[in-house]
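> no sequence for this one, just the structure:
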C-alpha cells in the first residue's frame, strides 16, 4: 500500500474512519466492529480516525474510542505502527449534537480520551468543529497547551476554512499537522482548503469520502463518471473514488468508514489503483 506522512509519522494512504452512530440505523455488534478494525490492519491500514462523540447517545459517550482501543488490544499482529486520531469539541445531549470548544472542556475531553484509549499521549488530537460560543483563537490555544503538556503528539483541526487554518498554524505551530474536512465526488466545497493544505505541507483527511452514510450506497448513480471508470477498470466505484482522492495531492489521506470487513479491504486496495490522466480529467470535471 502507498504511504503518506502526517506530521513526523508515516501512515497508510487510506485510513479507517469511524462512522458516527445513528439512532435509526442498526449498528454492527462489537465483535463485528472489532473484526472490521482487524481487517483494516490486515490490509495495511495504519491510521484509524475516531472521536469521543461517536456514540449513539449521551449515555454511551466515548463508545467508539473504547471499541478502537479494544480492537487494537486484541489484534494478533503488531499495532505499534498504528496512528489513532481522535477528536474533541462535540458534546451530546441525549441524542442531540452540541458544541463546546472552550479550553476547559477540551482539556477534560482530552484527558477522558486518554483514559479510554489507554495511552499516555494521543497520537493525533483534532478539534472537531468550530464553536460559535468560543473564539477560534481560544480553542487553538487550548490545543497548543495540550501539545506543550505532552498529552497529544500532534494536533489537527476539522471543518475549518482557510482563514481558520492559517490562524491555527500561527497559534499551534509545528504541532499542527492535519485538517479534516468533508470532501467527496459530490461535495467539493473544501477544494480550496485541500489546496491550501497541500501548499503548506498539512495532511488533508477527507471525511465522508463517498458522500456520507446516506449517500454512499447510491454513489454509482450520483457520480456516473466514477461508475464509468470503475467499469472500465473492473473495480468498485468506491475504489475509484478513493484513488481520485489520493490523486488530488500527495498530502491527502481519505478516511472511509466501513461496517463490513470486505468494505475496508476493498477501500485499502484503492491505494494501489492507478488512474490515467484522461480518467482523472473526467473525474475532476
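Alright, I've got the coordinates. Treat the numbers as computed from the prediction; the structure is a model and nothing was measured. Residues are numbered from 1 along each chain as shown.
> for the stretch 151-285 of the chain, what spans make up the helices?
For the stretch 151-285 of the chain, the helices defined by DSSP state H, counting those that start in this stretch cover 162-172, 191-200, 213-216, 219-222, 224-233, 237-248, 261-268, 277-284.
> Indicate which one of these is closest to residue 71.
helix 261-268 (12.0 Å; C-beta to C-beta). In this view, the C-beta of every residue, glycine as well, is placed from N, C-alpha and C.
> Report the rounded mean pLDDT for that closest one.
The average pLDDT within helix 261-268 is 97.
> Can you give me the buried ones in that helix?
By 16 or more other C-beta atoms under 10 Å, the buried positions in helix 261-268 come out as 261, 263, 264, 265, 266, 267, 268.
> just the helices of the stretch 151-285 of the chain: most buried one?
helix 237-248 (a mean of 24; mean count of other C-beta atoms under 10 Å).
> contacting residues for residue 67?
Residue 67 makes contact with 30, 33, 34, 37 under the criterion C-beta atoms under 8 Å, 6 or more residues apart in numbering.
> got those as TSV, with pLDDT columns?
Shown next, in TSV, are the contacts of residue 67 (pLDDT from 0 to 100):
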residue	pLDDT
30	92
33	94
34	96
37	97
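> hmm, which two among the residues you listed are most spread apart?
Farthest pair in these, by C-beta to C-beta: 30 and 37, 10.7 Å.
> Show me which of the two is the more surrounded one.
residue 37 (25 against 13; other C-beta atoms under 10 Å).
> Now name the helix or strand holding that one.
helix 30-42 (DSSP states H and E).
> follow-up on the earlier one: take the buried residues of helix 261-268 and write them to TSV, including distance to residue 285.
Listed next are the buried residues of helix 261-268 as TSV, based on distance: C-beta to C-beta, whole Å:
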residue	distance to residue 285
261	34
263	27
264	29
265	30
266	25
267	24
268	27
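> Now flag whichever of those residues is closest to residue 229.
Among the buried residues of helix 261-268, and counting by C-beta to C-beta, the member closest to residue 229 is residue 266, at 15.3 Å.
> which residues sit against the helix holding residue 37?
Everything outside helix 30-42 that qualifies as a contact, by C-beta under 8 Å, 6+ apart, is 16, 27-28, 48, 67-68, 70-72, 74-77, 79, 82, 258-265, 268.
> tell me the angle it makes with helix 261-268.
Using axes from the mean of the first three to the mean of the last three C-alpha atoms, to 10 degrees, the direction of helix 30-42 lies 30 degrees away from that of helix 261-268.
> Switch the helices of the stretch 151-285 of the chain over to a markdown table; also include distance to residue 55.
Listed next are these as a markdown table, based on distance: least, C-beta to C-beta, whole Å:
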| stretch | distance to residue 55 |
| --- | --- |
| helix 162-172 | 26 |
| helix 191-200 | 27 |
| helix 213-216 | 15 |
| helix 219-222 | 26 |
| helix 224-233 | 32 |
| helix 237-248 | 26 |
| helix 261-268 | 21 |
| helix 277-284 | 35 |
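> Where among the ones you listed is average confidence lowest?
helix 213-216 (a mean of 81).
> ok so residue 130 is a strand residue?
No: counting by DSSP: H, G, I helix; E, B strand; the rest coil, residue 130 falls outside a strand, being coil.
> got the contact list for it?
Residue 130 neighbours (C-beta under 8 Å, 6+ apart): 99, 101, 136, 139, 159, 160, 164.
> try it again with 10 Å
Residue 130 is in contact with 89, 99, 101, 136, 139, 157, 158, 159, 160, 161, 164, counting by C-beta atoms under 10 Å, 6 or more residues apart in numbering.
> re the thing from before, closest to residue 6 among the contacts of residue 67?
residue 37 (18.7 Å).
> Just give the closest residue to residue 146, not the sequence neighbours.
Excluding the flanking residues, the one nearest residue 146 by C-beta to C-beta, 6 or more residues apart in numbering is residue 152, at 4.8 Å.
> Considering the contacts of residue 130, which possesses the most neighbours?
Result: residue 157 is most packed of the contacts of residue 130 (other C-beta under 10 Å), 29 neighbours.
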